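Colleague: generate a structure from the sequence data that follows.
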Amino acid sequence: MPPLGYVPKHMNAWVIRRERHGDPESAMRAEVVDTPAIGPEDALVMIMAAGVNYNGVWAALGQPVSPFDIHRQSHHIAGSDGAGIVWAVGDRVRGWKVGDEVVLHCHQDDGDDVECNGGDPMLSPSHRIWGYETPDGSFAQFARVQSRQLVARPKHLSWEESACYTLTLATAYRMLFGHRPHVIRPGQNVLVWGAAGGLGSMAIQLVTVAGANAIGVVSEEAKREYVMSLGAKGVINRTDFDCWGQLPDVDESAAYGDYLKEVRRFGKAIWNITGKGNDVDIVFEHPGETTFPVSCFVVRRGGMVVFCAGTSGYNLTMDARFIWMRQKRIQGSHFANPYQVWEANRLVIEERLDPCLSEVFTWSEIPRAHRRMWRNQHQPGNMAVLIQASPARQ
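Modeller: Predicted coordinates for the structure are as follows:
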């Protein structure tokens, strides 16, 4: 670690190149690259720890789209979560100084259109995800970020805990609070898919903090206790049911009838938690292809299915009759705007939410951490890697 504020010409980084797309353990390689120069509204942050997210897996694989087709640069440094120390600031930066300890979020925009100035910056055509749609992310000694990507580091957390939660938490926050009028309220019911994962664990806590009832869905019975410990009202094991995948052809009456019987059985499992006849107000979706038809069926009349990903596939199917006749809302959602990030981070600073750190990896293990995520071999919660921080928790 160089002296505070000294910026070396070169730095170590884990780098992806187009010709290496594939398994993260071969796509990511340690290289020495130029330390990025900052602009007048940027900050250079020495990365102490970084979070592991699925977009790092996408970047390694080059699927569903190669990051090189987005930013057109020769190399890619993944990593959209991080925590560190401000090492340099641009001439126009106010409110942050060298030495400040910060958490980084991944929202970037050009700040020069109406959505960025009075609207919702997430709807700006210039919006991009740092570390995925930009060539420079957090798996390096230094990272160049826009100064508006900085938020205060919760001082009660270790570096690795500080680095692991922002992408999943802010994404969950916008999904649950950012799409009016479907904002969770006390007493409502929310079905959360993948409840033991990084995204799901944040959603369970947010629903609980809001005074609503979270019903978690898991794929292993061993995860039930963990999800309940986060505040869930109940947990459903999806392996007890056989209604997953794309919607059967509605004109094939026998197959479609069998499917509906199983979906209704799943719906009754929800009622066992919420009370008979009480369908969920919001479905928190991200598995995509395997679960989407069921989500659209079990959400209440006038309720919302909000989704931010399609980890099991992107060809989403649904029976449109149940959507228009019961006036259900299908809402896409993507990360969060800077204000929503600030609100979500405040809940962590106030110790209302736990970052749910599950596993910590060393610098040399960054590719392996992404391979574990790709193969769904990771533990419940969020993962982090140590960059400049000591392996011992602080």
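
Colleague: check contacts around residue 133.
Modeller: Contacts of residue 133 were listed using C-beta atoms under 8 Å, 6 or more residues apart in numbering, and they are 67, 70-71, 108. Any C-beta I mention is one placed from the backbone N, CA and C, and that applies to glycine too.

Colleague: go ahead and confirm residue 338 touches residue 122.
Modeller: No: with contacts counted by C-beta atoms under 8 Å, residue 338 stays clear of residue 122, the gap being 9.4 Å.

Colleague: check what pLDDT the closest residue to residue 178 other than its chain neighbours gets.
Modeller: Take residue 178 and drop its neighbours on the chain: the residue closest to it by C-beta to C-beta, 6 or more residues apart in numbering is residue 340, 6.0 Å away. Per-residue confidence (pLDDT) for residue 340: 97.

Colleague: now residue 394
Modeller: Residue-level confidence at residue 394 comes out at 43, pLDDT.

Colleague: same question, residue 379
Modeller: 89.

Colleague: tell me the SS of residue 205?
Modeller: Secondary structure assignment for residue 205 (DSSP: H, G, I helix; E, B strand; the rest coil): helix.

Colleague: please name the spatially closest residue to it (chain neighbours excluded).
Modeller: residue 353 is the one closest to residue 205 (C-beta to C-beta, 6+ apart), at 5.0 Å.

Colleague: how about residue 15?
Modeller: That would be residue 31: by C-beta to C-beta, 6+ apart, it lies 4.4 Å from residue 15.

Colleague: do the same with residue 123
Modeller: Excluding the flanking residues, the one nearest residue 123 by C-beta to C-beta, 6+ apart is residue 115, at 4.6 Å.

Colleague: ok but that neighbour is inside a helix, no?
Modeller: No: using three-state DSSP, the assignment for residue 115 is coil, not a helix.

Colleague: tell me how many other residues crowd it.
Modeller: Neighbour count for residue 115, taken as other C-beta atoms under 10 Å: 17.

Colleague: how near is it to residue 52?
Modeller: 30 Å (C-beta to C-beta, to the nearest Å).

Colleague: how about the helices in this structure?
Modeller: For the chain, the helices defined by DSSP state H cover 24-27, 54-61, 68-71, 159-163, 166-177, 198-209, 224-229, 253-274, 292-298, 320-324, 338-349, 366-374.

Colleague: what distance separates the third one from the centre of its chain?
Modeller: Average the C-alpha atoms of helix 68-71, do the same for its chain, and the two points are 21 Å apart (C-alpha atoms, centre = their mean, to the nearest Å).

Colleague: same check, this time on the first one
Modeller: The chain centre lies 22 Å from the centre of helix 24-27; the measure is C-alpha atoms, centre = their mean.

Colleague: surely residue 238 touches residue 220?
Modeller: No: if you go by C-beta under 8 Å, residue 238 and residue 220 don't touch, sitting 9.7 Å apart.
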